[in-house]
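# Coordinates for the following, if possible.
(4 chains)
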2 protein chains.
Amino acid sequence: MKTRDKILLSSLELFNERGERNITTNHIAAHLAISPGNLYYHFRNKSDIIYEIFQEYENLVDYYLDIPEDRAITLEDLTFYLESVFDGLWSYRFFHRDLEYLLDSDPRLRRDYREFTNRCLAAINRIFGKLAEAGIIEPQPEELRSAMSLNVWLVITNWMAFLKTAHASEESASLTLTELKQGIYQVLTLEIPYLTPEYRERVMVLREKYRPVLPEAAPA
Amino acid sequence: MKTRDKILLSSLELFNERGERNITTNHIAAHLAISPGNLYYHFRNKSDIIYEIFQEYENLVDYYLDIPEDRAITLEDLTFYLESVFDGLWSYRFFHRDLEYLLDSDPRLRRDYREFTNRCLAAINRIFGKLAEAGIIEPQPEELRSAMSLNVWLVITNWMAFLKTAHASEESASLTLTELKQGIYQVLTLEIPYLTPEYRERVMVLREKYRPVLPEAAPA
DNA sequence: CTATTATTAGAGTATATACTCTAGGCAGTC
DNA sequence: GACTGCCTAGAGTATATACTCTAATAATAG
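I've put the predicted structure just below:
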């Protein structure tokens, strides 16, 4: 593998594990057993590394959230979208952790992220539309649908922070993909009241698969 | 005012304005025109300052979220809770920005914050219970109520980050309390499907007061 | 083989950061 | 007036961090 790609890969790995704030360019170089000079030959600065990683993330999610225009949407599609979004969140989990700082230090990133968010919101909105078309949820006025989409986005992007900050376990490193995907339970909770009678049961069964197993309240 | 209190006040102000990550103890001392030595006479380290500020925040929110046991809850109560929580979020807005890092660097903070979150979730849950008792929302099974409470919490604690990262304006400093309180619109959106016919209109009118004024999509 | 270009090592640097240490001032008290 | 305890100044330090510079080594082209 090219050194350049190794830098991106190691950076992502280290950022995810220990947080962008705790990883310096020297750490990355040391981890790869290359010199700092070498790293800076491939990237002008740390921001450029992060920016490029973000673009990978962006492409991944854009790819997953490509909603078909020509056919109806199914419950399997919905599952796929949800699973994919949380997979993406997991693979690039360092990003949301220091989001505000990162956007403050890189105008390109701020602009791109804003557009990325808007695309995601639009995709969620379209999914809601198609779910209504498919008779899975009741159709709702556009105004409500937008607000609901935004709530879905807020729940999705905050679920990981909730797990890492409020969860019972002491070590923050203990987060797993399985736990993260329990966020799907929370997202489906938002949709419950809008489900059509025909689909209600099926969605409730799907939701149940992601129910968090409470680790707290151990017997005294 | 005592130097110690001035340090806490200035720290909070600077953290809120520029982010904890961008503010050093030397900055704080300089801002107060005192020596670093003086600052470190009053606080052992930066973490201690942050911890103490968190305790103020905690006390404030605990005070606001004291749900009366002896009487029914009204729509005015609900408004008060929502306004208060967003006021608190505003006054200590630096805190959620770097939450994960802060908790990683201070075990006391991690423990206290986890308990704080649980208290907030319990309070939201109780509010839902009392809203049902008051006939404002339909009663729901405990399991659903818990999941809804968690979603409310996720929306509340992520709303500010959304504004700061995804909003149209370029400068992140431009956030206002008014904008922040539009998060109430999002929270009330979650409750819409559960409203009783008697209260539906009143809540919808209340919600309308917080409707965001879209700054985007200006005429071309 | 030679010339050029791409890649790498590694020492080095300017700046920042959290924090320490010593000396001394100031208010109150006997 | 001397003593005491609280508070403050300010120079200083060890370490870290993002990044640079030079020289050398591969890789490639003619």
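# Counting neighbours, what do you get for the nearest residue to residue A:65 once chain neighbours are set aside?
The shortest distance from residue A:65 to any residue other than its chain neighbours is 4.2 Å, reached at residue A:123 (Cβ to Cβ, 6 or more residues apart in numbering or on different chains). Yep, even glycine has a C-beta here, placed from its N, CA and C like the rest. The local packing of residue A:123 (other Cβ atoms under 10 Å in any protein chain shown) involves 20 other residues.
# Could you list which residues are in contact with the residue most central in space within chain A?
For chain A, the residue nearest the mean C-alpha position is residue A:89 (2.7 Å; Cα atoms, centre = their mean). For residue A:89, the residues meeting the contact criterion (Cβ atoms under 8 Å, 6 or more residues apart in numbering or on different chains) are A:96, A:156-157, A:160, A:180.
# Tell me where the model's unsure across chain A.
A:168-173, A:214-220 (pLDDT under 70).
# at 50 instead, please
For chain A, the stretches flagged by pLDDT under 50 are A:172, A:217-220.
# who in it is up against DNA strand C?
Within chain A, the residues that sit near DNA strand C (Cβ under 7 Å from any atom of the strand) are A:3, A:33-38, A:40-42.
# re the thing from before, next step: the contacts of residue A:89 restricted to helices.
A:96, A:156-157, A:160, A:180 (DSSP state H).
# Okay, buried residues for the helix or strand harbouring the residue nearest to residue A:65 please.
Assignment of secondary structure by DSSP states H and E places residue A:123 within helix A:107-133. Buried positions in helix A:107-133, judged by neighbour count with 16 or more other Cβ atoms under 10 Å in any protein chain shown: A:109-110, A:112-114, A:116-117, A:120-121, A:123-132.
# and if you look at stretch A:69-89?
Along stretch A:69-89, these residues count as buried under the neighbour rule (16+ other Cβ under 10 Å): A:73, A:77-78, A:81-82, A:85-89.
# Now render these as TSV, adding secondary structure and distance to residue A:151.
As requested, those are arranged in TSV below (DSSP: H, G, I helix; E, B strand; the rest coil; distance: Cβ to Cβ, whole Å):
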residue	secondary structure	distance to residue A:151
A:73	coil	20
A:77	helix	20
A:78	helix	16
A:81	helix	16
A:82	helix	15
A:85	helix	15
A:86	helix	17
A:87	helix	21
A:88	helix	19
A:89	helix	17
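# Tell me which residue of chain A lies closest to DNA strand D.
Nearest residue of chain A to DNA strand D: residue A:24, at 2.6 Å (Cβ to the nearest atom of the strand).
# Next, count neighbours for the residue lying closest to that residue once chain neighbours are set aside.
For residue A:24, ignoring the flanking residues on the chain, the nearest one in space by Cβ to Cβ, 6+ apart is residue A:46 at 7.9 Å. When neighbours are defined as other Cβ under 10 Å, residue A:46 has 18 of them.
# And residue A:46, how far from DNA strand C?
14 Å (Cβ to the nearest atom of the strand, to the nearest Å).
# and the gap between that residue and residue B:23?
Applying Cβ to Cβ, to the nearest Å, the value for residue A:46 to residue B:23 is 20 Å.
# so residue A:4 touches residue A:41, yeah?
No. At 9.2 Å, residue A:4 and residue A:41 do not qualify as touching, with contact defined as Cβ atoms under 8 Å.
# Could you break chain A into its assigned domains?
Domain assignment for chain A by automatic domain parsing gives A:1-43, A:46-208.
# ok, back up a step: out of the ones in helices among the contacts of residue A:89, flag the one nearest to DNA strand C.
Sorting the ones in helices among the contacts of residue A:89 by how near they are to DNA strand C, with Cβ to the nearest atom of the strand, puts residue A:96 at the top with 22.6 Å.
# who's in contact with the closest one?
The neighbours of residue A:96, taking Cβ under 8 Å, 6+ apart as the test, are A:89, A:157, A:160-161.
# Reformat those residues as TSV; add distance to DNA strand D.
Below are the contacts of residue A:96 laid out as TSV (distance: Cβ to the nearest atom of the strand, whole Å):
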residue	distance to DNA strand D
A:89	24
A:157	25
A:160	23
A:161	22
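# Could I have the buried ones of those residues as PyMOL selection syntax?
With 16+ other Cβ under 10 Å as the burial test, the buried ones among the contacts of residue A:96 are selected in PyMOL as follows:
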select buried, chain A and resi 89+157+160+161
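# Out of the contacts of residue A:96, which comes closest to residue B:189?
For those, the minimum distance to residue B:189 (Cβ to Cβ) is 16.6 Å, reached by residue A:157.
# And that closest one, how far from residue A:117?
Here residue A:157 is placed at a distance of 9 Å from residue A:117 (Cβ to Cβ).
# who touches both of the two?
Shared contacts of residue A:157 and residue A:117, defined by Cβ under 8 Å, 6+ apart, are found at residue B:162.
# where does the closest residue to DNA strand C within chain A land in three-state SS?
Of the residues in chain A, the one nearest DNA strand C is residue A:37, at a distance of 1.7 Å by Cβ to the nearest atom of the strand. For residue A:37, the assignment made with DSSP: H, G, I helix; E, B strand; the rest coil gives helix.
# Count residues in the vicinity of it, would you?
When neighbours are counted by other Cβ under 10 Å, residue A:37 registers 8.
# Run through the residues of chain A sitting next to DNA strand D.
Neighbours of DNA strand D within chain A, by Cβ under 7 Å from any atom of the strand: A:22, A:24-27, A:36-37, A:40, A:44-47.
# make it 10 Å
A:20-29, A:35-41, A:43-50, A:105 (Cβ under 10 Å from any atom of the strand).
# re earlier: just send the residues of chain A next to DNA strand C back as a markdown table, with distance to residue A:200 too.
Rendered in a markdown table, the data for the residues of chain A next to DNA strand C read as follows (distance: Cβ to Cβ, whole Å):
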| residue | distance to residue A:200 |
| --- | --- |
| A:3 | 54 |
| A:33 | 56 |
| A:34 | 56 |
| A:35 | 61 |
| A:36 | 58 |
| A:37 | 62 |
| A:38 | 58 |
| A:40 | 57 |
| A:41 | 59 |
| A:42 | 54 |
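# returning to what we had before: deepest of the domains of chain A, which one?
Neighbour counts averaged per stretch over these are highest for domain A:46-208, at a mean of 17; criterion: mean count of other Cβ atoms under 10 Å in any protein chain shown.
# Residue A:152: what's it in contact with?
Contact criterion Cβ under 8 Å, 6+ apart gives A:124, A:187, A:190 as the residues in contact with residue A:152.
# same thing with residue A:144?
Each residue near residue A:144 by Cβ under 8 Å, 6+ apart is listed here: B:189, B:192.
# same deal with residue A:77?
Residue A:77 sits next to residue A:68 when contact means Cβ under 8 Å, 6+ apart.
# how near is it to residue A:118?
Counting by Cβ to Cβ, the separation of residue A:77 from residue A:118 is 22 Å.
# same deal with residue A:186?
From residue A:186 over to residue A:118 (counting by Cβ to Cβ), the distance is 22 Å.
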